[in-house]
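Undergrad: Provided below are the primary sequence and the corresponding predicted coordinates.
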Amino acid sequence: MTRRGITLKLLLISSALMAMVISSCGVYSFKDVSIDYTKIKTIKIGFFENKARYINPQLSPMLTDKVQQKIVSQTKLTRTNNDDANLQISGYISDYSVSTASISATQATSNRLNVGVHLVVKNTVDNKTDEYDINRNFDFSANLSLQQAETQLQDEIIRSVTDEIFNRIFSNW
């Protein structure tokens, strides 16, 4: 075997060993949903009322539905409407406003839709209540009206805010 072949073989072996060490250390892993299913079995998910100054009439029902779907599909929790559920999720849309994101010369080139949700998570097993404020921003062209931007951004808004709510409640990373 040539010197180049030996060097290449050593490089491949050391790369493989390094990959095994890194993966065994868990350097690039994320923790999954963090629920103690021996204690937490049921969940009640309330309607996310819209209390923002500007009301997008589609946002509350769509967000509530998407949060319910995500929790049911990605956890083993049983959904209930009973007030004795182990976890009780409630909240409201606290902000839905538009601001200027960037200006070129003397006029706006992009606007920013700000969406805020106040989230309340009550754990009846541990008798603990946590409250969180989630805020997400969505930029859109200043050439669009708010209604046009809402149509374009609706799926992204619902997906992004739902993911943020889910991660805030269940993720450990």
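TA: Yep, that arrived.

Undergrad: going forward, measure contacts between C-alpha atoms and count neighbours the same way
TA: Noted.

Undergrad: in the protein, where's the longest helix?
TA: helix 146-170 (DSSP state H).

Undergrad: which residues sit against it?
TA: 33-35, 59, 62-63, 66-67, 70-71, 119, 121, 134, 136, 138, 140-141 (Cα atoms under 8 Å, 6 or more residues apart in numbering).

Undergrad: which among these count as buried?
TA: 35, 59, 62-63, 66-67, 71, 119, 121, 134, 136, 138, 140-141 (16 or more other Cα atoms under 10 Å).

Undergrad: mind putting those residues into a markdown table with pLDDT, distance to residue 96 and secondary structure?
TA: Below are those laid out as a markdown table (pLDDT from 0 to 100; distance: Cα to Cα, whole Å; DSSP: H, G, I helix; E, B strand; the rest coil):
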| residue | pLDDT | distance to residue 96 | secondary structure |
| --- | --- | --- | --- |
| 35 | 84 | 31 | coil |
| 59 | 96 | 10 | helix |
| 62 | 97 | 15 | helix |
| 63 | 98 | 13 | helix |
| 66 | 98 | 18 | helix |
| 67 | 97 | 18 | helix |
| 71 | 96 | 24 | helix |
| 119 | 97 | 15 | strand |
| 121 | 96 | 22 | strand |
| 134 | 96 | 12 | strand |
| 136 | 96 | 10 | strand |
| 138 | 96 | 11 | strand |
| 140 | 93 | 14 | strand |
| 141 | 91 | 17 | strand |
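
Undergrad: list just the nearest of those residues to residue 77.
TA: residue 71 (7.7 Å; Cα to Cα).
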